[in-house]
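# how does the following fold in three dimensions:
(2 chains)
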Amino acid sequence: MRMSRMFSKTLREAPSGADTKGYEYLLRAGYIRQMGAGIFSLLPLGFRATQKIETIIREEMDRIGAEELMMPVVNPADIWKETGRFYSIDKEMGRFKDRNNRDMVLAMTHEEAVTDLARNLIDSYKRLPLLVYHIQTKWRDDPRPRAGLIRVREFTMLDSYSFDKDYEGLQKQYAAHYKAYFRIYSRCALPCVAVAADSGMMGGKISHEYMYLAPIGEDTIILCPECGYTANRQIAKMRKEYFKEEMKPVEKVSTPEAKTIEALAEYLKIDPRKTAKCVFMVGSFINDKNGEEEDKLVVALVRGDLEVEESKLTNTIKANALRPARPEEIEAHSMVPGFASPIGATGDIITVVDDTVAESNNLVAGANEEGYHFINTNFGRDYTGIVADIASAREGALCPHCGKPLKASKGVEIGNIFQLGTRYSAAMNATYQDEGGKQIPVVMGSYGIGVGRLLACLAEEYNDEGGLKLPMSVSPYQVHLVSLVKDTAIAESIYDELTKSGIEVLYDDRKETAGVKFADADLIGLPIRITLGNRSLKEGKVEVKLRSTGEETSYLISDLAEEIKAEIAREMAAIDENIVEKDLD
RNA sequence: CGGGUAGUAGCGCAGGGGCUAGCGCACUUGGUUCGGGACCAAGGGGUCGGAGGUUCAAAUCCUCUCUGCCCGACCA
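Below you'll find the predicted structure:
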């Protein structure tokens, strides 16, 4: 490609709002342009990079026996009503009516679409297992898009769907994806970890997320440096200690102004771990047959030094959504914010008690009276509720497996694999006939990678003061040919020759000064830069500089194509040597 | 959805009741330069996010509204 004919151009200054390096350079180098909140165009450079990523994805999906197909973005709402997600997913899903006033949705994922296909196509156990995928546009009306391509509303996603006759088959396909995803990320040279995860709106039980660990990430990952335990904080466990002792009688004590655990512990001169913290949420429960919504007050208790993990709480009570309760909602159940506990609460509430509270004795809790707390409260004797792990794991807490201190890190979710089971096949009646002639729901898995987000993470990982420096495997072109001489004949013939040898060349044929060309080359960041200048041309040589290391050499023009091919091969080999082959434990 | 912040030329910004709305970069033309974001000269381009209002007069003040960005809620 000739730069004089290129659609995009570089920017000297970062557009305002580009607050991470990766995003700034993707904009400045002309890889992407923004059209609205969370809506981006991929310019030719960005498009080529994502095409490279998609090629890697296709190769790896093919490798595990997947077939590529293409499902529609627009779905009739009927299939989404069958699974209930038409109702349970709120504003995040795009909806509209067609000319005949039928409900339509913009598919934000394709479990419904693929299950609809499966129930027509899969008849016998003899046809299982099956695996299909597509790479396609998704619309998710995220409430808060941010950081360029990291969190957008319209994006391209690889999603694959597996079908098996039993869970054993699902395990195999799941394990195959677990491994294939590591191969995909490592072939893109993006470092990542897999963590146990919450399955959220997808349903199902077991899921893993692939995380690019970086400060710009919004998820918190809990990991154990000792034994390798990793999980999203949303579901991460930790070893907990209980304070068991003989139950003492409840006693009301005056605690003026002690509205927080800190103030309370200070005032009573006790350890916060001897208190029970009460957190109020309102859970909404949606009937997925008709979309009717019901709200209930949720009272969550954790030990005073811990925090409530909302995802765990949501999962425990199977709520659709959770929001903080307003004071009047708490008071309506005879509780007093700041001095609250389930003791004496009235009306229809859901009480969830973390095991740290349920298994400890004689804790301090609110008396539901302004200025008073109870001491020596005991779960079971003074109040009841659902006992579950709803406390948030955090750095320094003890590993649930080996007991060593845990670490916390920020991460960006770049992929997710789910064992769906029969969540969709049962709801949509996608069954197969087994050996005995019985109709059995197909056991499914679903698996996804955000392609644009992957590019955004790569841009974040690979940059320096000069601009981007994407790895050879995903770089939009392999070589940047910069000509500084007036006579274009030599540059033209080199461009020709390299292109004919199958090398992807971006040729800067513009009438610009050396400084401008070098700066743009650094910004766009192709792995190999070839410079044609009078200095070395006198000796029949051209200079070659590697973007990643800054290493410079010069080659005779006659050897150039071979040397460049060798360098490309070296860089690709270096990536291939580091392909991660990791099996699911 | 709550809090904050900002919409003036392609990008970055200044101007904050008064006279042809400005600067840097980018762009066009001519010339000089030519290995790390050149120089000189001459140009083109915006009606100030939108609507309404106040005023002799509005980019500037007021009201409403739309949009972007940041934080939070939320989410993959």
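# am I right that A:Ala340 sits in a helix?
No: with DSSP: H, G, I helix; E, B strand; the rest coil as the criterion, A:Ala340 is assigned coil and is not in a helix.
# for it, which residues are in contact?
A:Cys278, A:Phe280, A:Val299, A:Ile330, A:Gly366, A:Asn368 (CB atoms under 8 Å, 6 or more residues apart in numbering). C-betas here are computed from N, CA, C, even on glycine.
# check contacts around A:Gly46.
Contacts of A:Gly46 by CB under 8 Å, 6+ apart are A:Leu26, A:Tyr31, A:Ile32, A:Leu455, A:Pro476.
# so the residue most central in space within chain A is in which element?
Per CA atoms, centre = their mean, the C-alpha nearest to the average position across chain A is that of A:Glu413, at 2.1 Å. Assigned by DSSP states H and E, A:Glu413 belongs to strand A:407-421.
# what's the first helix or strand after that strand?
Next along from strand A:407-421, by DSSP H and E: helix A:423-428.
# so which bits of the stretch 301-450 of chain A are right by RNA strand B?
A:Glu310, A:Ala321, A:Leu322, A:Arg323, A:Glu413, A:Asn416, A:Gly450 (CB under 7 Å from any atom of the strand).
# so which of the residues you listed sit within strands?
A:Ala321, A:Leu322, A:Arg323, A:Glu413, A:Asn416, A:Gly450 (DSSP state E).
# with pLDDT added, can I get the residues you listed in JSON lines?
Converted to JSON lines, these look like this (pLDDT from 0 to 100):
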{"residue": "A:Ala321", "pLDDT": "77"}
{"residue": "A:Leu322", "pLDDT": "81"}
{"residue": "A:Arg323", "pLDDT": "78"}
{"residue": "A:Glu413", "pLDDT": "91"}
{"residue": "A:Asn416", "pLDDT": "92"}
{"residue": "A:Gly450", "pLDDT": "94"}
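# just the buried members of the residues you listed?
With burial judged by 16 or more other CB atoms under 10 Å, the buried subset of these is A:Ala321, A:Leu322, A:Glu413, A:Asn416, A:Gly450.
# doesn't A:Ile53 belong to a strand?
No: A:Ile53: not assigned to a strand; according to three-state DSSP it is helix.
# how many residues are close by the closest residue to RNA strand B within chain A?
The minimum distance from chain A to RNA strand B, using CB to the nearest atom of the strand, falls at A:Gly533 (1.5 Å). A:Gly533 is flanked by 15 other residues according to other CB atoms under 10 Å.
# does it really touch A:Val485, like I thought?
Yes: contact criterion CB atoms under 8 Å: A:Gly533 and A:Val485 qualify, at 6.5 Å.
# residues from the stretch 1-150 of chain A in reach of RNA strand B?
Within reach of RNA strand B by CB under 7 Å from any atom of the strand, the stretch 1-150 of chain A has these residues: A:9-17, A:19, A:28, A:34, A:36-38, A:92, A:140, A:142-147.
# ok, of these, which come out buried?
Buried among those by 16+ other CB under 10 Å: A:Thr10, A:Arg28, A:Gln34, A:Gly38, A:Arg140, A:Asp142, A:Pro145, A:Arg146, A:Ala147.
# make JSON lines out of the buried ones among the ones in strands among the residues of the stretch 301-450 of chain A next to RNA strand B and add distance to A:Ile64.
Shown next, in JSON lines, are these (distance: CB to CB, whole Å):
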{"residue": "A:Ala321", "distance to A:Ile64": "35"}
{"residue": "A:Leu322", "distance to A:Ile64": "37"}
{"residue": "A:Glu413", "distance to A:Ile64": "21"}
{"residue": "A:Asn416", "distance to A:Ile64": "17"}
{"residue": "A:Gly450", "distance to A:Ile64": "19"}
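# among the residues you listed, which pair sits farthest apart?
Using CB to CB, the two most remote members of those are A:Leu322 and A:Gly450, lying 25.3 Å apart.
# now the strands for the stretch 1-150 of chain A?
For the stretch 1-150 of chain A, the strands defined by DSSP state E, counting those that start in this stretch cover A:32-36, A:39-42, A:67-68, A:74-76, A:94-97, A:103-106, A:130-139.
# mean pLDDT added to these, as JSON lines?
Formatted as JSON lines, these follow (pLDDT from 0 to 100):
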{"stretch": "strand A:32-36", "mean pLDDT": "92"}
{"stretch": "strand A:39-42", "mean pLDDT": "94"}
{"stretch": "strand A:67-68", "mean pLDDT": "96"}
{"stretch": "strand A:74-76", "mean pLDDT": "95"}
{"stretch": "strand A:94-97", "mean pLDDT": "91"}
{"stretch": "strand A:103-106", "mean pLDDT": "93"}
{"stretch": "strand A:130-139", "mean pLDDT": "95"}
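# let me have the ones you listed in TSV, adding distance to A:Asn232 as columns.
Output for the strands of the stretch 1-150 of chain A, formatted as TSV (distance: least, CB to CB, whole Å):
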stretch	distance to A:Asn232
strand A:32-36	28
strand A:39-42	26
strand A:67-68	30
strand A:74-76	29
strand A:94-97	27
strand A:103-106	27
strand A:130-139	21
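# which of those sits closest to A:Asp496?
A:Asp496 sits nearest to strand A:39-42 of all the strands of the stretch 1-150 of chain A, at 28.2 Å, using CB to CB.
# tell me which residues are up against the closest one.
The contact list for strand A:39-42, computed with CB under 8 Å, 6+ apart, reads A:Tyr31, A:Ile32, A:Arg33, A:Gln34, A:Met35, A:Thr50, A:Gly148, A:Leu149, A:Val152, A:Arg153, A:Glu154, A:Gly452.
# looking at these, spot the one nearest A:Tyr507.
Out of the contacts of strand A:39-42, the member with the shortest distance to A:Tyr507 (by CB to CB) is A:Tyr31, at 18.3 Å.
# now do the contacts for that closest one.
By CB under 8 Å, 6+ apart, A:Tyr31 lies in contact with A:Ser8, A:Tyr25, A:Leu42, A:Leu43, A:Leu45, A:Gly46, A:Ala49, A:Leu455, A:Ala459, A:Leu468, A:Pro476.
# tell me how far it lies from A:Tyr23.
Between A:Tyr31 and A:Tyr23 the computed distance is 10 Å (CB to CB, to the nearest Å).
# my guess is the residue nearest to the centre of chain A contacts A:Ser207, does it?
No: with contact defined as CB under 8 Å, A:Glu413 does not reach A:Ser207; the gap is 11.1 Å.
# common neighbours of the two, please.
In contact with both A:Glu413 and A:Ser207: no residue, using CB under 8 Å, 6+ apart.
# what's the most distant pair in the contacts of strand A:39-42?
Farthest pair in those (CB to CB) is A:Tyr31 and A:Arg153. Separation: 18.7 Å.
# ranges for the helices of the stretch 1-150 of chain A?
For the stretch 1-150 of chain A, applying DSSP state H, counting those that start in this stretch gives helices covering A:21-28, A:44-63, A:77-83, A:85-88, A:111-121.
# returning to that earlier point: per-residue confidence for the residue of chain A closest to RNA strand B?
Reported pLDDT at A:Gly533 in the predicted model: 91.
# ok, for it, nearest residue in space, not its chain neighbours?
For A:Gly533, ignoring the flanking residues on the chain, the nearest one in space by CB to CB, 6 or more residues apart in numbering is A:Leu484 at 4.4 Å.
# what sits against that neighbour?
Here A:Leu484 is in contact with A:Ala514, A:Lys517, A:Thr531, A:Leu532, A:Gly533, A:Asn534 (CB under 8 Å, 6+ apart).
# the second one belongs to a helix?
Yes: when classified by three-state DSSP, A:Lys517 is found to be part of a helix.
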